[in-house]
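Visitor: okay, sequence plus prediction incoming.
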Amino acid sequence: MFKGLPVSPGVVIGRVMTIDADELRVIRRPIGASAVKEELKRLERAIATAISDIEEVYKQAKAQMGKQTADIFQFHIQMLKDATLLKGIRGRVERDLVSADTAAHEELGALAAKFRSMNNSVFATKVNDIDDLSRRLHKHLVGEQVTRLKAADDNTVVVAKDLTPSQTVGFDRSRIIGFVTDLGGLTSHTAIIAKALEIPAVVGAQTLLKHALDGQTIIVDGDTGAVVLNPTEQTLEQYRRTIEQRRTYRVSLGEIANLPSVTLDGVKINIVGNIELPAEIEKVLKMGGEGVGLYRTEYLYLTRPDEPSEEDHYKAYKQCVDLAAGRELVIRTMDLGADKMTQSREEVPERNPFLGNRSIRYCLRNVPMFKRQLRAILRASAHGPIKIMFPLVSTLLELRQAKFILHDVMEDLTEEGVKFDKNIPVGMMVEVPSAALLADTFAREVNFFSIGTNDLIQYTLAVDRINERVAHLYQATNPAVIKLIRDVARAGRHRDIPVSCCGEAAGDPEYAMLLLGLGLRTLSVSSTVIPQLKRFVRSVTIPQCELVARKVLSLDSDVQISALLRDSARKIVPEAYSGRSAE
């Protein structure tokens, strides 16, 4: 049994195909001084052909996944046009008198090694892209190596140290049913593509490749991050039942999409979706969501090589408004920093970026960039309802500074005669203990709260949520976390502002029952879990949820709380749990 990070949901049983991350072998080839000119010509031709290749991959990706995810490959094109990189490769040919393929491999390898040594998930994403380019250039300089992926059998699960975005987008989906990598993070380009393609995937499994052999049976659970190599017949049978029961259950959930999200005693619960890209709104609505409770706008940065302009922002937000068609649309301002991109820009990366210059702090230190985003959001608000939400607010000063900049932008747009919603609702995410403890004070200055359990758990318990070494300590059912959520809900009721939850915990029916019992009436979740969550909501009463919440608040152990929630949920919707034993 291996445990990694689930990046694309689904459960599959297949046969292992291992891909050696080091399969690209380059022999160092010295050249004479007279051959330098010809090698540089070879390099120029290879770069031009590689760019042409990537443009074709971009078209393919755009057709399969939409423009914004496909823009990852525009980043690759920009890298191949980067003057500094090209100068380094040419310099190696001229200075070291080596072939173009050797120079390209060594220059890109040195760049990858530099990023890899920084031991940060942001740079791991960059390494992934550099490896992709290195392989592509090598192919055009010395000929294509036969890739094992082209010979994949039916029901293949790829196991690799890492996979490049090009490899992932090129999977034959009729034969490759899932993949697992030892490396990778939640925001890597490969993870983003896997999710967009809806292929079950787990990354960060650490040592799986060392143990896996071609042809072995493997189970990949993209919902939980579990990977089972060489499962027993009993485990196989459990997972087969799980897959069939989930399939049957999801078929039944299809009937739920168009039904109202109302408890048995008639209380309306708003179920909305979390999205990274505008095109995902269509899936949210198809699954029965009533709008968007969290648009993670940082993906505008993660899927492109350059900083988006105001027009880039505006087009994305306008597309969201059009697709939402009057429904709720909450746009979170950029949550950059920590593991998302900004460290790669720093001359001296932060030692502990999760406790550093991230989210609202990053925006307040980069005001021109922040203003560009706010201008775009406000311009888009002229076309339909939008709410603005600030992430990771920890002090009242941060909130007031962000609001001051927003009002400054509003004044600029007014002077320019640009239309926008002058009464646009402004809210904040509650993701750190300080915000939860001062919720009553914050509630006087915002129109709504959204509790982000992902960060609230890690900051309350001092547990890095993407570190497998302490994963067992990362528990949404910890009593401290639950009491903070209770206090935020109380503050919202006291100040008469709505409180929602947009963390991953909100999509778990067991935990959603607790949230309803604590007084929350809006849950913002991944589109894939909306039908299951709506089914659960339609099966409970608020008094049932409140009783469970009272019992939970009397317990002092996350183990006891998890057991109570699980047992209570099983009694209400037993068919949703019939396959859980395998997990």
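Guide: Arrived safely, thanks for sending. Numbering: from 1, shown residues only.

Visitor: tell me the domain boundaries of the chain?
Guide: As assigned by automatic domain parsing, the chain contains the domains 24-142, 153-166+173-231, 251-418+500-582.

Visitor: residue ranges of the helices in the stretch 101-250 of the chain, please?
Guide: Secondary structure of the stretch 101-250 of the chain (DSSP state H, counting those that start in this stretch): helices located at 121-142, 165-169, 189-197, 208-211, 233-253.

Visitor: CA atoms of the shortest one as PDB?
Guide: Right, the one you point to is helix 208-211. What follows is helix 208-211 as a C-alpha-only set of coordinates in PDB (Å, rounded to 0.1, in the frame of the first residue of the first chain):
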ATOM      1  CA  LEU A 208       6.300   3.300  -5.900                       C
ATOM      2  CA  LEU A 209       8.500   3.100  -9.000                       C
ATOM      3  CA  LYS A 210      11.300   1.300  -7.100                       C
ATOM      4  CA  HIS A 211       8.900  -1.500  -6.100                       C
END
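
Visitor: mind listing what's buried in that helix?
Guide: Across helix 208-211, burial judged by 16 or more other CB atoms under 10 Å covers Leu208, Leu209. Heads up, the C-betas are built off the backbone N, CA and C, glycines and all.

Visitor: what is that helix packed up against?
Guide: Counting contacts by 3 or more CB pairs under 8 Å, 6 or more residues apart in numbering; DSSP states H and E, helix 208-211 is packed against strand 156-160, strand 226-229.

Visitor: also the longest one?
Guide: Here helix 121-142 is seen to pack against helix 36-65, helix 72-80, helix 100-117, helix 165-169, helix 189-197 when contacts are counted using 3+ CB pairs under 8 Å, 6+ apart.

Visitor: nearest to Tyr301, out of these?
Guide: helix 72-80 (10.6 Å; CB to CB).

Visitor: worst-scoring helix or strand of the chain, pLDDT-wise?
Guide: Across the helices and strands of the chain, mean pLDDT, DSSP states H and E gives its lowest value to helix 67-70, namely a mean of 72.

Visitor: from the chain's centroid, how far away is it?
Guide: 14 Å (CA atoms, centre = their mean, to the nearest Å).

Visitor: what does it contact?
Guide: Helix 67-70 has contacts (CB atoms under 8 Å, 6 or more residues apart in numbering) with 58, 61-62, 192-193, 196, 277-279, 299-300, 303, 316.

Visitor: including neighbour count, could these go into JSON lines?
Guide: Written out in JSON lines, the entries for the contacts of helix 67-70 read as follows (neighbours: other CB atoms under 10 Å):
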{"residue": "Tyr58", "neighbour count": "19"}
{"residue": "Ala61", "neighbour count": "26"}
{"residue": "Lys62", "neighbour count": "16"}
{"residue": "Ile192", "neighbour count": "25"}
{"residue": "Ile193", "neighbour count": "29"}
{"residue": "Ala196", "neighbour count": "24"}
{"residue": "Leu277", "neighbour count": "23"}
{"residue": "Pro278", "neighbour count": "24"}
{"residue": "Ala279", "neighbour count": "17"}
{"residue": "Tyr299", "neighbour count": "23"}
{"residue": "Leu300", "neighbour count": "24"}
{"residue": "Thr303", "neighbour count": "24"}
{"residue": "Ala316", "neighbour count": "22"}
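
Visitor: what is the lowest-pLDDT residue among these?
Guide: The lowest pLDDT within the contacts of helix 67-70 belongs to Thr303, which sits at 64.

Visitor: does Leu40 touch Ala100 like I think?
Guide: Yes. The pair Leu40 / Ala100 is scored as a contact, 7.1 Å apart, by CB atoms under 8 Å.

Visitor: identify the contacts common to the two.
Guide: By CB under 8 Å, 6+ apart, the residues touching both Leu40 and Ala100 are Val93.

Visitor: looking at the two, which is more packed in?
Guide: For Leu40 and Ala100, the more surrounded residue by other CB atoms under 10 Å is Ala100, and the numbers stand at 29 against 16.

Visitor: what sits against that one?
Guide: Contacts here follow CB under 8 Å, 6+ apart; on that basis Ala100 touches Glu39, Leu40, Arg42, Leu43, Ala46, Ile89, Val93, Leu141.

Visitor: the closest residue to the last one other than its chain neighbours: how many residues sit nearby?
Guide: By that I understand Leu141. Distances taken as CB to CB, 6 or more residues apart in numbering put Asp101 closest to Leu141, at 3.9 Å, once the chain neighbours are dropped. Asp101 is flanked by 25 other residues according to other CB under 10 Å.

Visitor: i'd like the first residue to be 246 from this point on
Guide: Okay, residue one is now 246; in that scheme the one you just asked about reads as Asp346.

Visitor: measure Asp346 to His385 for me?
Guide: To His385, Asp346 is 9 Å away according to CB to CB, to the nearest Å.

Visitor: then Ala680?
Guide: According to CB to CB, Ala680 and His385 sit 52 Å apart.

Visitor: neighbour count winner among these two?
Guide: Ala680 (27 against 21).

Visitor: so for stretch 320-329, what's the average pLDDT?
Guide: pLDDT averaged over stretch 320-329 gives 85.
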